[in-house]
Every structure is written in C-alpha cells, then in structure tokens.
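Q: Give me the fold of what follows.
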Amino acid sequence: MNFESSDKVKELQRRLQTFLDEHIYPNEGRFYAEIERNRWTPTRIVEELKPKARAAGLWNLFLPESEHGAGLTNLEYAPLCEIMGRSTMAPEVFNCSAPDTGNMEVLARYGTPEQKERWLKPLLAGEIRSCFAMTEPAVASSDATNIESRIVRDGGDYVLHGRKWWTSGAGDPRCQIAIFMGKTDPSAPTHQQQSMILVPMDAPGVKIERLLTVYGYDHAPHGHGEVSFDHVRVPATNMLLGEGRGFEIAQGRLGPGRIHHCMRCIGVAERALETMCKRVQARVAFGKTLSEQGTIRADIATSRMEIEQARLLTLKAAYMMDTAGNKAARAEISMIKVVAPNVTLRVLDRAIQAHGGAGLSQDTFLAAAWANVRTLRLADGPDEVHTESIARWELAKSGKAAGATS
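A: I've put the predicted structure just below:
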C-alpha cells in the first residue's frame, strides 16, 4: 500500500491549507459571534466564503469517481478531509459537510434523473441543505431492524408515520429535504422490510418537535432535531431505488460517511496537539515551563503516536474501499470508526488538561470539539456494534484457518 499523495493531491492540500490560514482561522471568531447573535440563521461569513472556495476549485471534493465532484478516490480525499476537519466551519465552506455529503452520495448513486434534478443539483451548488431521518427515540436504533416508522402505499403516494431524533441538520432553515427510513413491508425478510424515501421538510405533517443539545451545545444553526412525521403524504416517485432496499442504501451511504468522520477526527486531534504544544511552552509552573514537566512530555509523545496509528488505519481503510470495495473493507471501516473518535477524545482530553481552566471554557476550541467528537462514538453505529462485528469476522477467519489445518 502506497500512501504517498499524488502531485494533484499535494496541490489541493496546499491550496486548502492556504485557504484555512487566510479565510477560515481568522474568521472563526466572527462565525461564532454571528451564531450568538441569531442562533438559527445561517451565518453570513460561511455564505461569503463559499463562492471563494468554489472559485478556488475547492468544492465538492468528497464525491469519488463522479461527474459531480473532483473525481478523487477515498484515499486521495483523506488528507483533504483531515485538513477541513480542523475547523467546525470549514467543511460547509467547501460543501463537504455531513449529513449533506452522505445524502448527496445517495442521490448520485441511487436517485432517478428527476430526483437528481430536484434535490441533488441544489445540494451540489450549496443552495440548500438536507437531513437523514433514521434513528428513533422509542427503539434501540443501534439495531436498525428495530426501526418502526411506517411507509404505506396509497395509490400514487406513500403515507409516512413515525418519530425520529438526532436528525442532524434539521434545525437549519435551509434544510429542504430529508431521507426518511421506515418499514414498507413488516412481513418481508428482516433486511428487506425497510425503505428510504425523500420527504420535503415543508410537507404537511412534518414537525420539528424540539432541537437536542450535545453536552449543552445546540450546534446552531445546524441542530439535531426530534422530528415527527404524522400522515405525511409524498409522491411514490420519491421512493429511493425501490421498496425494501433501505438497508442496501444504508450500507452504501454509511461506508463513506463513517470514514469521513474519521478523517475529520484526525484533523481535530492534530489541531488539539498543536494547541497543547503551544500552550505548554508558554506557561510556567513551579519554576519551569509546562513543556519541561515529564507528565506533559509523555502526553505529547503518546498523542503523536496515537494520531499516527489512527491516520494509518484510516488510510488503509480508504485504500481498501477504493481497491476492493466497501464490503471487503467493512472490518477496517469498523475498526477505524472505533479507533479514530477514541484517539481524538484522548488527545483532546490531554490538551484540555494542559490548558487548565481555559481548556474547559469557550476560550479555546477544545471543549466544544470534545463534545462534538464524543457523539461519534454513537453516530453511524456505536462502538459496541462495530466491536462485535470485528470480533465476529475475526472468529470466522480463525474458524476457517482451523478447518484448513485440521
């Protein structure tokens, strides 16, 4: 496996880093100030920077082998996504933010020409936003077969009933479309009961009941909605791929979505370590700088080792997705989905500790980043589900090996 970046990717890395230095980092303060003034209104600074990013050729970089994106492989996208992950506001500026990236991939892969024209086109242009309505408050959604929402055919329409939560992005006034997962046939085989359908957010019967917080952060203007769907009627042409194919779509969507989270995590961890190193070299306690303290030096070294290991596993998973396909890479995707958030949380925690009281406050990005990354141990499958899958695959390999040598 050769992880050396091509000249094309190195040039994109350089341009991305320059864009962050010139436009993102200097405007993070303005970004948060605008949110404070009007929490559920899109920020002007992001809207001002999006045309600049597009003009710089730094737009829709996430779509692999697509007429719509930059034509990058997952491996090529990894270092670029890592750079974007360093700042909360950056992914949206480049139109590479979740859940829109996953939803755009679904529409690009499975959408009809009409669905692409109506929804994918404005999403690719950054004119609207979207959400993904899957998780439900009444059931353990870590097992997606538990999902109880109904999608019932009625003539030329489908009628939807259900309640979803952690529908990220639902609070944004630009959110115009949801991908809704529910049962079309409860009597079908387990993994053919669920379907996915496109639901306009302004359809009668769609109601945002409340916006959830993450350790007190509301993530405005993005938000995480608890949304009810009460006799919501949509045309049958809004069905994605066909009835009973929800799990098929989910597996196609979640592979890239999971690894994108991991790529961004590496960027967060790198920034946390850089912030920590600057802090400990500038602060003095007990007659010497913190950087001279043995425990701090051990924390720095451990953080560097863990980041490098997590990055290599991310790159390996991306390489396997490109060369062998998402299904063949499922073990590596599950492994990095567990490893990357946990590593990033440990690095953030060490950086917070090194900052003392400042690390707990809004004066650095660390506390908010910790709360955000902590969600990733649950999003797209909790650690326990991925760990169980890894163990099952490993035991299966061991059983085959034992049979071959017996």
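
Q: Tell me which stretches of this structure form helices.
A: According to DSSP state H, the chain carries its helices in the segments 7-19, 28-37, 44-55, 74-84, 90-93, 100-110, 113-115, 121-124, 246-282, 294-323, 330-355, 357-360, 366-374, 383-405.

Q: ok, and what's touching the second one?
A: Counting by C-beta atoms under 8 Å, 6 or more residues apart in numbering, helix 28-37 makes contact with Thr43, Arg44, Ile45, Val46, Ser87, Thr88, Met89, Ala220, Pro221, Phe365, all of which sit outside it. (C-beta placed from N, C-alpha, C; glycine too.)

Q: Make sure the first one is actually in contact with His222.
A: No: using C-beta atoms under 8 Å as the test, Thr43 is too far from His222 to be in contact (10.7 Å).

Q: which of these two has more neighbours?
A: Each of Thr43 and His222 has its neighbours counted (other C-beta atoms under 10 Å); His222 has more, 24 against 21.

Q: The more buried one: what's it in contact with?
A: By C-beta under 8 Å, 6+ apart, His222 lies in contact with Ser168, Gly169, Gly171, Asp172.

Q: quick one: low-confidence ranges for the stretch 151-300 of the chain?
A: Applying pLDDT under 70 to the stretch 151-300 of the chain picks out residues 254.

Q: the strands in it, which residues?
A: Per DSSP state E, counting those that start in this stretch, the stretch 151-300 of the chain carries strands over the ranges 157-168, 175-183, 194-200, 206-212, 224-235, 284-285, 288-289.

Q: Take the helices of the chain and write them to TSV, including mean neighbour count and distance to Gln176.
A: Putting the helices of the chain into TSV (neighbours: other C-beta atoms under 10 Å; distance: least, C-beta to C-beta, whole Å) gives the following:
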stretch	mean neighbour count	distance to Gln176
helix 7-19	15	27
helix 28-37	15	21
helix 44-55	16	16
helix 74-84	24	24
helix 90-93	25	16
helix 100-110	22	11
helix 113-115	12	13
helix 121-124	18	8
helix 246-282	22	19
helix 294-323	18	30
helix 330-355	23	29
helix 357-360	15	37
helix 366-374	21	24
helix 383-405	12	31
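
Q: Those: which one's closest to Pro235?
A: Set against Pro235 and scored by C-beta to C-beta, the helices of the chain come closest in helix 113-115, at 10.0 Å.

Q: by contact count, what packs against the closest one?
A: On a contact count with 3 or more C-beta pairs under 8 Å, 6 or more residues apart in numbering; DSSP states H and E, helix 113-115 meets no helix or strand.

Q: So for it, mean pLDDT?
A: Per-residue pLDDT over helix 113-115 has a mean of 98.

Q: ok, residues contacting that helix?
A: Contacts with helix 113-115, where a contact means C-beta under 8 Å, 6+ apart, come from Leu107, Leu198, Thr237, Asn238, Leu240.

Q: what's the closest non-adjacent residue to the last one?
A: Excluding the flanking residues, the one nearest Leu240 by C-beta to C-beta, 6 or more residues apart in numbering is Met196, at 4.5 Å.

Q: Tell me who's in contact with the one you found.
A: With C-beta under 8 Å, 6+ apart, Met196 has these contacts: Val106, Ile179, Phe180, Met181, Met239, Leu240, Leu241, Arg245, Gly246, Ile249, Ala250.
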